[in-house]
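1. coordinates only, sequence not included:
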């Protein structure tokens, strides 16, 4: 069994954004194998997301995206206003708004199945949401969205940073 070093824990934490002690436990369980530790964390964080699913999400943000003559608004909720100010949460909300504008999904489930990254590859938006729930420890949900088409679209979000 390989010795688990601080640099290994730091590398895994940088890749996954998981808590430091969770990274150390995963590396220990994986015998120092970075890929296996990443998979263990993904499963563990997904389990956390399942436990949080029943909790109420009443705080959140509205994100907007305008691409040419297409625009979208989406409401993304969390359990507390503290989480709704988190940079990762806001980035996820903005990406979700962009995906709504680009793809016009039929419903929340279809939105969650879309690829999170700009190139269309990688994890789905739902995978990112579950990972963020595991990282932060609070439930998050996409509540509703609306896509618009028009020649003169603009947006203003009151209180946004």
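-> Yep, that arrived. A quick note: this is a predicted structure, and the numbers were derived from the prediction, not measured.

2. residue 86: neighbour count?
-> Neighbourhood size, residue 86 [other Cβ atoms under 10 Å]: 18. No exception for glycine: its C-beta is placed from N, CA and C like everyone else's.

3. how near is the nearest residue to it once chain neighbours are set aside to residue 146?
-> Leaving aside its chain neighbours, residue 86 sits nearest to residue 136 (6.6 Å; criterion: Cβ to Cβ, 6 or more residues apart in numbering). Going from residue 136 to residue 146 by Cβ to Cβ, to the nearest Å gives 26 Å.

4. looking at these two, which one has more neighbours?
-> residue 136 (21 against 10).

5. any idea how the protein splits into domains?
-> Domain assignment of the chain by automatic domain parsing yields the ranges 6-52, 59-149.

6. weakest of those domains in terms of mean pLDDT?
-> Among those, domain 6-52 has the lowest mean pLDDT, at a mean of 81.

7. residues contacting the nearest residue to residue 79 once chain neighbours are set aside?
-> Leaving out its chain neighbours, the residue that sits closest to residue 79 by Cβ to Cβ, 6+ apart is residue 138, at 4.3 Å. With contact taken as Cβ atoms under 8 Å, 6 or more residues apart in numbering, residue 138 is in contact with 52, 55, 78-80, 83.

8. residue 123 touches residue 114, doesn't it?
-> No - using Cβ atoms under 8 Å, residue 123 is not in contact with residue 114; the gap is 10.4 Å.

9. comparing the two, which residue is more hemmed in?
-> residue 114 (18 against 14).

10. endpoints of stretch 129-149, how far apart?
-> 27 Å (Cα to Cα, to the nearest Å).
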